[in-house]
Each structure stands twice: as C-alpha cells, then as structure tokens.
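K.L.:
Need coordinates for the following:
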Amino acid sequence: MRTYLLGGWSVERTLWDRSSDARGTFTGVVRFSPNDDGALAFHEEGTMRWPTPAGGTFTGPASRDYILRPTDAPDAMDMTFPDGRPFHRMSFRDEASQDRHWCDPDTYRVKYSFRGPDQFSYSWDVQGPRKNQLLASVLHRLGPGGLGSKP
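P.N.:
Here you go, the predicted model:
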C-alpha cells in the first residue's frame, strides 16, 4: 500500500449535507511523502466551494494533514492525526476496506475502493446529532510534472 500511494494525486470531492440538501465540492492535490520511520505524510490542499446561508457560495482554500503508519498487513495502513491520535485504517481489501471513527457526537464511516493502478476512491458517511453528510472523493495519480497520469 505504501508504494502504491507514494507521490501526488489529484482529488475531486463532492460534499452533500443531507439535512439541508446543500452541495459543495473540493478540488485539489494530495501528496503522500515518505517519513524516516516508514510512515507516509498525507498532505491535501485545494479549493472548497460551499453554499452560504445568504444564497451565495464560499470559495476558498482548504487543507489537511495526516500520517499513515505501516501495520502488520502490507495492504493496510493506520491513519493518524498529526499529533498521533488514531483516526482509522486504510485498506483496499474487501474485508478490510471499511472502517469508522467516532468524533463526538457523530460517527464517521469510511469505505475505500481500488479502481486501478492510478485511481482509487473513498467515501465518508457521517451521521449523528450534528452532522448528516456524504463526502465522496476520487483520486487520480499525477504523472511527471503533476499533469495527470499518462494513458
């Protein structure tokens, strides 16, 4: 998994707040960079578009960082927050491709899908008293120079 993820990926994400039917997008780049301890640094940055209560659209920068740590299985990595707190396990294996994270008071359920050597996806189904959202992401490997993968 570590070798597969290394490098740059474009990301397209759709965001849907089911409670208000608000819909938005995130477009950006994810970089998986090696750390000295065998882990991967995950850095995502791009542009978020989200409807505002006044009827307009917020458009602005968004980013996030995680660390992916090796597990006892070569086809899985444990994702943590930068401060070391556990987040969830990432795997494409059918029996291990789903995980969840409780973020008080809501539950986040993730499902990963391997779509080929240069594409994968994941979706977060967020449910609880504060959130009712579906966030779906598709990542494509960036080729040399960050221009996308070559056919």
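
K.L.:
could you list every residue that touches residue 84?
P.N.:
Residue 84 sits next to residue 67 when contact means Cβ atoms under 8 Å, 6 or more residues apart in numbering. Glycine gets a C-beta too; all of them are placed from N, C-alpha and C.

K.L.:
next one: phi and psi at the closest residue to residue 136 other than its chain neighbours?
P.N.:
Of all residues not flanking residue 136 in the chain, residue 123 sits nearest, at 4.3 Å (Cβ to Cβ, 6 or more residues apart in numbering). Main-chain dihedrals, residue 123, degrees, to the nearest 10: phi -130, psi 140.

K.L.:
Run a quick neighbour tally on residue 123.
P.N.:
The number of residues packed around residue 123, counting by other Cβ atoms under 10 Å, is 16.

K.L.:
what does residue 137 give?
P.N.:
For residue 137, the number of neighbouring residues by other Cβ under 10 Å comes to 20.

K.L.:
ok, the lowest-mean-pLDDT helix or strand in the chain: who's next to it in the sheet?
P.N.:
Scoring the helices and strands of the chain by mean pLDDT, DSSP states H and E places strand 98-103 at the bottom, with a mean of 89. Strand 98-103 has the following strand partners under DSSP bridges: strand 106-116 (antiparallel).

K.L.:
What residues sit buried inside the partner strand?
P.N.:
Neighbour counts over strand 106-116 (16 or more other Cβ atoms under 10 Å) mark 108, 110, 112, 114 as buried.

K.L.:
So what are the sheet partners of the helix or strand in which residue 30 is found and their directions?
P.N.:
Following DSSP states H and E, the helix or strand that holds residue 30 is strand 22-34. The strands beside strand 22-34 in its sheet (DSSP bridges) come out as strand 7-17 (antiparallel), strand 40-51 (antiparallel).

K.L.:
now those strands as TSV including distance to residue 30?
P.N.:
What follows is those, written out as TSV (distance: least, Cβ to Cβ, whole Å):
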stretch	distance to residue 30
strand 7-17	5
strand 40-51	5
